[in-house]
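Asker: 3D model of this:
(one chain, ligands or ions: 3)
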Amino acid sequence: MLLSWTSAVVRSAEEPLLAAGVPLMERAAFALHGQVLRVLRARRGRVRGARVVVLVGSGNNGGDALHAGALLARRGVQVTAVTCAARAHAGGLAAARSAGARVVSLVAGGGDGGRGVPTTTVEAAAGAAAGADVVLDGLLGIGASGTGARGPAGALVEALRQTPRSPHGPVVVAVDVPSGIGVDDGTCGGAVLPADLTVTFGGAKPGLLLPPADACAGDVVVVDIGLDLAAARPAVARLAPEDVAALWPVPDRHSHKYARGVLGVVAGTPRYPGAAVLCAGAAVLAGVGMVRFVPDAPTGRVDPGDELPPHGDGGPLAAAVLAARPEVVVGQGRVQAWVLGPGVDPHDHARRRTLTDALDAAVSDGLPAVVDAGALDQLPPRVGPQVVLTPHAGELARLLRARGEPVERAQVEAEPLRHARRAHELTGATVLLKGPTTVVVGAGGAVYAQADGPAWLATAGSGDVLAGILGALLAGRSQEVADDPGLVAALAAAAALVHGRAAHLANPGGPVTASAVAEALPATVAAVLGANGGARAAVAERRGRR
Ligand SMILES: NC(=O)C1=CN([C@@H]2O[C@H](COP(=O)(O)OP(=O)(O)OC[C@H]3O[C@@H](n4cnc5c(N)ncnc54)[C@H](O)[C@@H]3O)[C@@H](O)[C@H]2O)[C@@H](O)CC1
Ligand SMILES: Nc1ncnc2c1ncn2[C@@H]1O[C@H](COP(=O)(O)OP(=O)(O)O)[C@@H](O)[C@H]1O
Ligand SMILES: [K+]
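Answerer: Ligands and ions are numbered 1, 2, ... in the order given. Next up is the predicted model:
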């Protein structure tokens, strides 16, 4: 699991160490130079003679970069440091100079208190950067105010962004964070230089995980500089496969289909049968005990424990589901969780009635439920965190507007966390906001940001598959969810991880269909369980034998 902490938390972890004279900047710079050496070796084999351009802001982030530049210069790297403000970290500047780095400034007399640093232009600096092997971005760190670099630093970032990127262009290494991102909220409004690699100190920062800024971070490497963050509350987490393996319901010898979880599905309309097929099919393929597909029938509520025979005729929708997935049981009956809404056309009155009946039942029984697409508009004013909303940005904007918040889709895309959190506050539900990086906000302030899928996953029906996966997980873990509704957010993040990985597995590097993503689920789950689940499955199996 990758955890992140806000800049305020990181600063308060730094304070006692700095007061005790612990050389945090030297540690950070040493680790940073090690990462740059690794990049240079991978790129050109040898380090000596490589060219590195260091972009230097006015604060300690620039200090880290200058000290790293000094260490690189001592390894025979040709280092050019470009200071971009009237002042630059004095110790870093001295170290870089004495190691043989060339120092130039975008500001007349800048960087050095007017001691005569040669000036350069934005164009010349951008040209030098374009010809370098590595650009080290030390313009802004956790002390940045607002988003986007301003002044000469901003002008240089804009010029670098205009330079066409090529495979032969420099590798951009961000120091702590890509300069100018919203470090704590993941916003990415102004001039930000996208990085190929971010070397971050002490612990990751939320903006490295949250959309849209996470797209600027490249690979994230966390280096230990001795900060004690273990007791501090993380702001945003990203699950790894081994975390998902620990969450996934794995059967043992005593398991039977009911104990493994039964999922009720109200999805699709005769006009959109595909959503029903994809959602119910994904739940089956993700390994749920049983899927009950609920067609429109005037059966009303069913008492818990009733085991009604399947409807002989569930209509064309049920027929389509059964043709694709004969494992599905059609009809009402006891369930441990619900998926409600994929492909449900709100103008189809019969389907909408079935959906609202099931939603009412789910909410009054306190059962976990995925509320997707057509069900989002039917959500009662307040629900518990065992209900997971799964909107995309447009649906979330509509949900917020329906609750009196004047929000457009573009605003949700610019600040996904803020809007997902607002929806959680207003409804009480766990919110999974879909997008290139999926954000989950749940009970107790839990926030996850998962970026597991390829962009090919942006294809019709893929959200229906995600809903089925999450439903399967909630059904399989319904008992634990009843005891700890805070678990729902982690399960939602786990579903997003498996969904994304299934898309990679379905066709590495190429287009996928939603059906192919669903078909890849059994192998994906097996691979994820292999992350540590081999051991877990063996334990479950041993327990089962006792
Ligand atoms: N305190 C320390 O000794 C340590 C600090 N560390 C580094 O220090 C960084 C934080 O340093 P600082 O607090 O000095 O802050 P920054 O280096 O992030 O820079 C803040 C300065 O940049 C300017 N600035 C702010 N917003 C701007 C904007 N939008 N456009 C242009 N200029 C802007 C302001 O003059 C401000 O004083 C961390 O990110 C990390 O890289 C690490 O070396 C760990 C130890
Ligand atoms: N650019 C992208 N990169 C990766 N995944 C994406 C991207 N855009 C969307 N997705 C994912 O694709 C799925 C689309 O779901 P959704 O919008 O509900 O589609 P549909 O309604 O057609 O099923 C979501 O899981 C979302 O996170
Ligand atoms: K930076």
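Asker: K257: neighbouring residues, count only.
Answerer: As a burial measure, K257 scores 12 neighbours (other C-beta atoms under 10 Å). C-beta here means a position set from N, CA and C on the backbone, and glycine is covered the same way.
Asker: for D219, same thing?
Answerer: Count around D219 with other C-beta under 10 Å applied: 11.
Asker: which residues does it contact?
Answerer: 196-198 (C-beta atoms under 8 Å, 6 or more residues apart in numbering).
Asker: any idea how far it is from L521?
Answerer: 27 Å (C-beta to C-beta, to the nearest Å).
Asker: What are the buried residues along stretch 69-89?
Answerer: 69-73, 77-89 (16 or more other C-beta atoms under 10 Å).
Asker: swap that for stretch 250-270, sorry
Answerer: Buried residues in stretch 250-270, counted by 16+ other C-beta under 10 Å: 250-251, 255, 260-269.
Asker: What is the burial count for the residue in the stretch 51-200 of the chain that ligand 2 sits nearest to?
Answerer: Residue nearest to ligand 2 within the stretch 51-200 of the chain: C188 (15.1 Å; C-beta to the nearest ligand atom). C188 has 23 neighbouring residues, counting by other C-beta under 10 Å.
Asker: okay, H256: pLDDT?
Answerer: H256 is assigned 89 on the pLDDT scale.
Asker: Can you give me every residue that contacts the nearest residue in space to it that is not next to it in sequence?
Answerer: Nearest non-adjacent residue to H256, counting by C-beta to C-beta, 6 or more residues apart in numbering: G289, 7.5 Å away. Neighbour list for G289: 255-262, 475-476 [criterion: C-beta under 8 Å, 6+ apart].
Asker: so where's the stretch 1-150 of the chain shaky on pLDDT?
Answerer: Scanning the stretch 1-150 of the chain for pLDDT under 70 picks out 110-115.
Asker: mind listing the helices for it?
Answerer: Using DSSP state H, counting those that start in this stretch, the helices of the stretch 1-150 of the chain run over residues 7-19, 24-44, 60-74, 90-98, 122-130.
Asker: possible to save those as CSV with distance to ligand 1?
Answerer: CSV is the format used below for the helices of the stretch 1-150 of the chain (distance: least, C-beta to the nearest ligand atom, whole Å):
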stretch, distance to ligand 1
helix 7-19, 5
helix 24-44, 3
helix 60-74, 3
helix 90-98, 10
helix 122-130, 14
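Asker: Could you identify which of these is most buried?
Answerer: For these, the largest average neighbour count (mean count of other C-beta atoms under 10 Å) is found in helix 60-74, namely a mean of 27.
Asker: Okay, now the unreliable bits of this structure?
Answerer: Residues of the chain that meet the cut-off, pLDDT under 70, sit at 110-115, 297-313, 532-546.
Asker: Let's see that with 50 instead.
Answerer: By pLDDT under 50, the weakly predicted segments of the chain are 299-312.
Asker: Look up the closest residue to the closest residue to ligand 2 within it, ignoring the ones flanking it.
Answerer: Proximity of the chain to ligand 2 (C-beta to the nearest ligand atom) peaks at G463, 2.0 Å away. Once flanking residues are discounted, G463 sits nearest to K434: 6.1 Å by C-beta to C-beta, 6+ apart.
Asker: Which parts of stretch 168-179 count as buried, going by neighbours?
Answerer: In stretch 168-179, counting by 16+ other C-beta under 10 Å, buried: 169-179.
Asker: Pull the most distant pair out of those residues.
Answerer: G169 and D176 (22.3 Å; C-beta to C-beta).
Asker: quick revisit: among the buried residues of stretch 168-179, which ones lie close to ligand 3?
Answerer: Filtering those for neighbours of ligand 3 using C-beta under 5 Å from the ion leaves 174-175, 179.
Asker: Out of these, list just those in strands.
Answerer: 174-175 (DSSP state E).
Asker: overlap between the ones next to ligand 3 among the buried residues of stretch 168-179 and the residues near ligand 1?
Answerer: When contact is defined as C-beta under 6 Å from any ligand atom, those meet ligand 1 at V175.
Asker: so which of the ones next to ligand 3 among the buried residues of stretch 168-179 comes closest to V330?
Answerer: For those, the nearest to V330 is A174 (53.3 Å; C-beta to C-beta).
Asker: mind checking how far whatever residue of the stretch 151-300 of the chain ends up closest to ligand 1 is from L160?
Answerer: Residue nearest to ligand 1 within the stretch 151-300 of the chain: D176 (3.6 Å; C-beta to the nearest ligand atom). According to C-beta to C-beta, D176 and L160 sit 18 Å apart.
Asker: Can I get the contacts of G289 in TSV including distance to G500 and secondary structure?
Answerer: As requested, the contacts of G289 are exported to TSV (distance: C-beta to C-beta, whole Å; DSSP: H, G, I helix; E, B strand; the rest coil):
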residue	distance to G500	secondary structure
S255	27	coil
H256	31	coil
K257	28	coil
Y258	30	coil
A259	29	coil
R260	24	coil
G261	22	coil
V262	26	strand
A475	21	helix
G476	20	helix
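Asker: okay, those in JSON lines with distance to ligand 3 next?
Answerer: Listed next are these as JSON lines, based on distance: C-beta to the ion, whole Å:
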{"residue": "S255", "distance to ligand 3": "50"}
{"residue": "H256", "distance to ligand 3": "55"}
{"residue": "K257", "distance to ligand 3": "53"}
{"residue": "Y258", "distance to ligand 3": "54"}
{"residue": "A259", "distance to ligand 3": "51"}
{"residue": "R260", "distance to ligand 3": "48"}
{"residue": "G261", "distance to ligand 3": "46"}
{"residue": "V262", "distance to ligand 3": "51"}
{"residue": "A475", "distance to ligand 3": "45"}
{"residue": "G476", "distance to ligand 3": "43"}
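Asker: when you check ligand 1, which of those residues turn up near it?
Answerer: Okay, of these, nothing touches ligand 1 (C-beta under 6 Å from any ligand atom).
Asker: returning to that earlier point: my guess is the residue of the chain closest to ligand 2 contacts D372, does it?
Answerer: Yes: counting by C-beta atoms under 8 Å, G463 touches D372, with 6.9 Å between them.
Asker: More neighbours: the two, which one.
Answerer: A side-by-side neighbour count of G463 and D372, using other C-beta under 10 Å, places D372 first with 31 against 25.
Asker: The more buried one: what's it in contact with?
Answerer: 339-342, 389-391, 463-464, 467.
Asker: which among the residues you listed gets closest to V223?
Answerer: Once C-beta to C-beta is applied, the member of the contacts of D372 that ends up nearest V223 is T390, at 35.6 Å.
Asker: The closest one contacts G374, doesn't it?
Answerer: No: T390 is not in contact with G374 according to C-beta under 8 Å; the separation is 11.7 Å.
Asker: okay, these two: which has more neighbours?
Answerer: The neighbour count for T390 versus G374, taken as other C-beta under 10 Å, is higher for T390 (31 against 26).
Asker: Next up, the contacts around that one.
Answerer: 370-373, 432, 434, 463, 466-467, 470, 492.
Asker: Kindly recompute the last result at 10 Å.
Answerer: 339, 341-342, 370-373, 375-376, 396, 429-434, 438, 440, 463-464, 466-467, 470, 492, 495-496 (C-beta atoms under 10 Å, 6 or more residues apart in numbering).
Asker: can you check G486 too?
Answerer: So G486 contacts 385, 430, 442-446 (C-beta under 10 Å, 6+ apart).
Asker: residue ranges of the strands in the stretch 251-400 of the chain, please?
Answerer: 262-266, 290-293, 329-330, 337-340, 369-371, 387-389 (DSSP state E, counting those that start in this stretch).
Asker: In JSON lines, list those strands along with distance to ligand 2.
Answerer: Formatted as JSON lines, the strands of the stretch 251-400 of the chain follow (distance: least, C-beta to the nearest ligand atom, whole Å):
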{"stretch": "strand 262-266", "distance to ligand 2": "15"}
{"stretch": "strand 290-293", "distance to ligand 2": "18"}
{"stretch": "strand 329-330", "distance to ligand 2": "22"}
{"stretch": "strand 337-340", "distance to ligand 2": "12"}
{"stretch": "strand 369-371", "distance to ligand 2": "12"}
{"stretch": "strand 387-389", "distance to ligand 2": "12"}
